[in-house]
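In: The sequence and its predicted three-dimensional model are supplied below.
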Amino acid sequence: EVRLVESGGGLVQTGGSMRLSCAASGFTPDDYVIGWFRQAPGEEREGVSLIHSSRGTTYYLDSVKGRFTISLDKIRNTVHLQMNSLKPEDTANYYCVAAYYTGTFYYPDPHEYDYWGQGTQVTVSS
């Protein structure tokens, strides 16, 4: 059984930093994509940052490039999202997501992901 357990989130001022973590379990084989989507009120879900479990391939939303960094701790099976220089427009509910990789996988498509965490709120005050 696949499980995703998120931690982190909360309130931070503009320009501040925050780290989200997601502990994953139950993935066999080691050929999956894991990372973060977000959704603000009235907005569509958008892929923020994702990483392949063994290839190391990463995806970043254009608006977070240079500010956010995703990493995967293979020993603890935990993915981290380090968010720096946070802006009010980063305010959203952030979801940990995961899916087994396929040859036609499109990282930013939410329909690719079978597993979703419960979500954690990130609020950036101006």
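Out: Cool, got the structure.
In: List phi and psi for the nearest residue to residue 25 once chain neighbours are set aside.
Out: Leaving aside its sequence neighbours, residue 25 sits nearest to residue 3 (C-beta to C-beta, 6 or more residues apart in numbering; 4.8 Å). For every residue, glycine as well, the C-beta is placed using N, CA and C. Phi and psi for residue 3, reported as degrees, to the nearest 10, are phi -130, psi 140.
In: and residue 3, how many neighbours does it have?
Out: Neighbourhood size, residue 3 [other C-beta atoms under 10 Å]: 12.
In: my guess is it meets residue 22, correct?
Out: No. Assessed by C-beta atoms under 8 Å, residue 3 is found out of contact with residue 22, at 10.1 Å.
In: need the strands for the protein, in chain order.
Out: Counting by DSSP state E, the chain has strands at residues 3-7, 10-13, 18-25, 32-39, 46-52, 58-60, 68-73, 78-83, 92-100, 115-116, 120-125.
In: Between those strands, which one is closest to residue 108.
Out: strand 46-52 (3.6 Å; C-beta to C-beta).
In: and the closest one, what other elements does it pack with?
Out: Here strand 46-52 touches strand 32-39, strand 58-60, strand 68-73, strand 78-83, going by 3 or more C-beta pairs under 8 Å, 6 or more residues apart in numbering; DSSP states H and E.
In: most packed of those?
Out: strand 32-39 (a mean of 23; mean count of other C-beta atoms under 10 Å).
In: Please work out the average pLDDT along that one.
Out: Per-residue pLDDT over strand 32-39 has a mean of 97.
In: helices or strands next to it in the packing?
Out: Packing partners of strand 32-39 (3+ C-beta pairs under 8 Å, 6+ apart): strand 18-25, strand 46-52, strand 68-73, strand 78-83, strand 92-100.
In: Go again with 10 Å.
Out: strand 18-25, strand 46-52, strand 58-60, strand 68-73, strand 78-83, strand 92-100, strand 115-116, strand 120-125 (3 or more C-beta pairs under 10 Å, 6 or more residues apart in numbering; DSSP states H and E).
In: just how off-centre is that strand within its chain?
Out: 4 Å (C-alpha atoms, centre = their mean, to the nearest Å).
In: Okay, now the sheet partners of that strand, with direction.
Out: Note on strand 32-39: by DSSP bridges, its sheet partners are strand 46-52 (antiparallel), strand 92-100 (antiparallel).
In: Please consider this matter closed, and thank you.
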